[in-house]
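[1] Next comes the sequence, and after it the predicted model I'd like to discuss.
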Number of protein chains: 2
Amino acid sequence: MQSYPLVLLGVGGVGRALLQQIVENRSAHADRFGLRLNVIAVADSSGAVVSNGSELDDQTLLEVVALKSGKSKLAEHKLGKAGGDPLKILQSLQFNSANSQSLAPVVVDCTATAGTVPALLYALEQNSKVVLANKKPLTVEQEVYNRLSRAGLTTGAQRLDRARWETTCGAALPVIVTLNRLMLCGDSVTKIAGTFSGTLGYVMTGLQAGKKFSEVVREAHRLGYTEPDPRDDLGGVDVARKALILARGMGWQMEMSDVTVEGLYPLSMDGISVAQFLEATTSLDEYFATKVKNAAKEGKVLRFAATVENGKCRVGPTLVSVESPLGRLGGTDNLVELTTRWYNPNPLVVQGRGAGVDATASGVLADVMELAYTK
Amino acid sequence: MQSYPLVLLGVGGVGRALLQQIVENRSAHADRFGLRLNVIAVADSSGAVVSNGSELDDQTLLEVVALKSGKSKLAEHKLGKAGGDPLKILQSLQFNSANSQSLAPVVVDCTATAGTVPALLYALEQNSKVVLANKKPLTVEQEVYNRLSRAGLTTGAQRLDRARWETTCGAALPVIVTLNRLMLCGDSVTKIAGTFSGTLGYVMTGLQAGKKFSEVVREAHRLGYTEPDPRDDLGGVDVARKALILARGMGWQMEMSDVTVEGLYPLSMDGISVAQFLEATTSLDEYFATKVKNAAKEGKVLRFAATVENGKCRVGPTLVSVESPLGRLGGTDNLVELTTRWYNPNPLVVQGRGAGVDATASGVLADVMELAYTK
């Protein structure tokens, strides 16, 4: 049995689900793939639970899951050590030399902060590998993206397969792997267009069904489909991060400030309370009703899409043909169209659930398993 | 620059397009990935063109492309050696020991015969890797599939990343990679349903549009969308091979004889000439018109689909909801729905061009490049 060590940064929803899936899949991984994932450390912002010997046993992992489900901190666990700096935690493991593990561990980032960047770069320098569910490190400066992904670097050959970040765009949907394959074979990707937010999909589907903007936003908020402050979804910044990751994956060199973001509400509505915002959404009802009506006259529908094309990366309400894959999409599923030399005029389409901690964790686990097989 | 040796078996449409893409992508592969694909031998059923030194240069590769475009045989090339047994060709390369290459080459099978099986197994034994565009080796006995794919074997850990066969189902569409990721993470795939034939897609779209069966078949034949004998498409055996590869990819152990195939014409029409067959298709017009009409009454449409579910693998005309991804599909694109624990009730969907030598070759090239990065 091959053993593959793993360090997990971030034990919020996705990280917790990942630990659970690692425990659940022990026998399948052993039977089918002859492989055992050894979790040697788990960290949150309070500190880390670190194995004394070779790995944390299943009981400890499930204790960590229970602890975090109860909103407690890892530092409170009996094996917990205080101090949440991910770089210091990795350095303390000394995994490349003194540690008894022969393989450098894969470092899995399930946090939602760019504060893990030094730790991730350190891991790669130590000949380790990284898996990111966290978009932030890939959307800071281009140079950091390049070092993490090795894309676009002639010296990148040795490290191309040292990083995975499938779940940063559309959860576990095979978007990044598909884009990477198109880049590998030299197909020329001319356009990527997609929806990357179930929440915004719900809102746009409601608008298309004739609901008022205020009505559908309040409904989504009441049902818990949006963040506590719905502007965090409606503003489109999270979608913009995904668009930037896709553009960079196409080999483009650009920054977040180069992404054009048109949210579903004007900036003037940023300075008020959530309750006031929800109240004020009625002022946008007519605007969106007109937009939808005008679109229909041209045989088009309104989607909240990311579009990467002709050197430009744009996120916002977008008119698409009612006959296109994006136009036929309804509900909360994500959908990505990739138009290339060989997929033209009809794009290559990937569609399905693009959110949820369990689905996302399953994609992280697939990334880890793929890396376990690339020496 | 890392160099990666490659042996190509089969220089028909896909193999020829692959050689052309390798030459075209030289600088992109060098710049972006620091990698050079060195073609050391190319074989067809007549013989092989084998490099004397380290690799065949671009001029020789383009000569081979020109030769095969002109329907000539490789044995006729000035570097050609007669004798088309792929096993003997590989053995003569002695690539694992005496050859100057430090890496064992990837062996790419672009033939359409199961006759390559001994060569492919030999290559794996010699610590080489294999890429298949050829469905046949994966659809003979289960044991051969297992040895080629290493799926389901506890001793498979070391070799999981020694074989790729993405283009056997839906050309370069990311179907196998998606299925493999679902298997790796332990998601439970409960159903795969898809269309895997542009020709049959064309026929079914015609039927749905109210055309007569005889009319749409004759049209497809006249336009060259079908094989010279359209029964080769309409019978569904090629789709059945793809369904078997998917079922085996789900970990099922089954043989071609376990796949239920319902073609678009009765067996009694097998013994006649192509002209007689095309004439006789009128006898099926009413049957299909009724089928389509009855489907519509239930809110359904008729697709020629492969369905892998509940231990059964079936290929044939299939009723699907007009609201499902398969139901909304029109034209010649392929579409695959994967229903799993996490993609449920809405499946994960992959859609796009599922045929064409250039698109297929691009998928083969992506497979080769992925393997080049898995030591």
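    Yes, it's here.
[2] Which parts of chain A belong to which domain?
    For chain A, automatic domain parsing gives the domain ranges A:2-172+A:358-372, A:189-353.
[3] what about the shortest one, average pLDDT?
    If you average the pLDDT over domain A:189-353, you get 96.
[4] ok, the residue sitting furthest away from the middle of chain A to chain B distance?
    Going by CA atoms, centre = their mean, the residue of chain A most distant from its centre is A:K297, 35.8 Å out. From A:K297 over to chain B the distance is 23 Å, taken as CB to the nearest CB, to the nearest Å. (Each C-beta comes from the backbone N, C-alpha and C, glycine too.)
[5] now swap in A:P317 and tell me
    For A:P317, the distance to chain B - CB to the nearest CB - is 23 Å.
[6] which residues does that residue form a beta bridge with?
    Beta-bridge partners recorded for A:P317 (DSSP bridges): A:F304.
[7] Was I right to think it contacts A:A306?
    No: using CB atoms under 8 Å, A:P317 makes no contact with A:A306, being 11.6 Å away.
[8] Settle it for me: which of the two has more neighbours?
    A:A306 (30 against 19; other CB atoms under 10 Å in any protein chain shown).
[9] now the helix or strand containing A:A359: how far from the chain's centre is it?
    Using DSSP states H and E, A:A359 sits in helix A:357-372. Offset of helix A:357-372 from its chain centre (CA atoms, centre = their mean, to the nearest Å): 12 Å.
[10] ok, now stretch A:331-345?
    18 Å.
[11] so what's the residue minimising distance to the centre of chain A up against?
    Closest to where the C-alpha atoms of chain A average out (CA atoms, centre = their mean) is A:T168, at 2.1 Å. Contact analysis of A:T168 by CB atoms under 8 Å, 6 or more residues apart in numbering or on different chains lists A:L132, A:A133, A:N134, A:K135, A:L138, A:I176, A:R241, A:K242, A:I245.
[12] Could you pull up the contacting residues of the last one?
    Translated: A:I245. A:I245 touches A:K135, A:L138, A:T139, A:W165, A:T168, A:C169, A:I176, counting by CB under 8 Å, 6+ apart.
[13] still on that earlier bit, tell me how far the residue nearest to the centre of chain A lies from A:D238.
    11 Å (CB to CB, to the nearest Å).
[14] How about A:A275?
    23 Å.
[15] Among the two, which residue is more densely surrounded?
    A:D238 (16 against 8).
[16] Skipping its backbone neighbours, what lies nearest that one in space?
    What sits nearest to A:D238 in space, not counting adjacent residues and going by CB to CB, 6 or more residues apart in numbering or on different chains, is A:S197, at 6.8 Å.
[17] ok, the one you found - how many residues close by?
    If we define neighbours as other CB under 10 Å, then A:S197 has 25 of them.
[18] and what of A:P228?
    8.
[19] right, and it touches A:V274 too?
    Yes: in terms of CB under 8 Å, A:P228 counts as a neighbour of A:V274; the distance is 7.2 Å.
[20] burial measure for A:G316, as a count.
    There are 17 residues near A:G316, going by other CB under 10 Å.
[21] what's the closest non-adjacent residue to it?
    Using CB to CB, 6+ apart, the nearest residue to A:G316 is A:E262, at 3.0 Å.
[22] correct me, but the one you found touches A:T318?
    No: under the criterion of CB under 8 Å, A:E262 makes no contact with A:T318, lying 9.1 Å away.
[23] Looking at the two, which has the bigger crowd around it?
    Using other CB under 10 Å as the criterion, A:E262 and A:T318 rank with A:T318 on top: 20 against 13.
[24] still on that earlier bit, list residues touching both of A:T168 and A:D238?
    By CB under 8 Å, 6+ apart, the residues touching both A:T168 and A:D238 are A:K135.
[25] check contacts around A:S3.
    Here A:S3 is in contact with A:L35, A:R36, A:N38, A:Q101, A:L103 (CB under 8 Å, 6+ apart).
[26] what subset of those residues is also close to chain B?
    A:L35 (CB under 8 Å from any CB of the partner chain).
[27] Just the closest of the contacts of A:I245 to chain B, please.
    Chain B lies nearest to A:I176 out of the contacts of A:I245, by CB to the nearest CB, at 10.7 Å.
[28] if you skip the residues just before and after it, what's nearest to that closest one?
    For A:I176, the spatially nearest residue (CB to CB, 6+ apart) is A:E166, at 4.7 Å.
[29] measure the one you found to B:W252 for me?
    26 Å.
[30] Which residue of these two possesses the greater neighbour count?
    Between A:E166 and B:W252, A:E166 has the larger neighbour count (other CB under 10 Å), namely 25 against 17.
[31] what's the more buried one sitting at in phi/psi?
    phi -60, psi -40 (degrees, to the nearest 10).
[32] what's the answer for A:V315, then?
    phi -130, psi 130.
[33] Would you check that it makes contact with A:G235?
    No: using CB under 8 Å, A:V315 is not in contact with A:G235, being 9.8 Å away.
[34] list the residues that contact both of these two?
    If you check A:V315 and A:G235 against CB under 8 Å, 6+ apart, the residues they both contact are A:V261.
[35] more crowded one of the two?
    Neighbours were tallied for A:V315 and for A:G235 using other CB under 10 Å; the higher tally belongs to A:V315 (28 against 21).
[36] now that one: how far from A:L200?
    10 Å.
[37] any common contacting residues for these two?
    Between them, A:V315 and A:L200 share the contacting residues A:G236, A:V239, A:F304, judged by CB under 8 Å, 6+ apart.
[38] quick one, strands of chain A?
    Under the criterion DSSP state E, chain A contains strands at A:2-9, A:35-43, A:47-50, A:80-82, A:106-109, A:129-132, A:163-164, A:189-195, A:260-261, A:300-309, A:312-321, A:334-340, A:348-352.
[39] State the mean pLDDT of the first one.
    Averaged across strand A:2-9, pLDDT comes to 93.
[40] What of the third one?
    Within the predicted structure, the mean pLDDT of strand A:47-50 is 95.
[41] ditto for the fifth one
    Looking at strand A:106-109 alone, the average pLDDT works out to 97.
[42] In that strand, which residues are buried?
    A:V106, A:V107, A:V108, A:D109 (16 or more other CB atoms under 10 Å in any protein chain shown).
[43] circling back: please tabulate the domains of chain A in CSV, including the columns distance to B:E323.
    Converted to CSV, the domains of chain A look like this (distance: least, CB to CB, whole Å):
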stretch, distance to B:E323
domain A:2-172+A:358-372, 22
domain A:189-353, 9
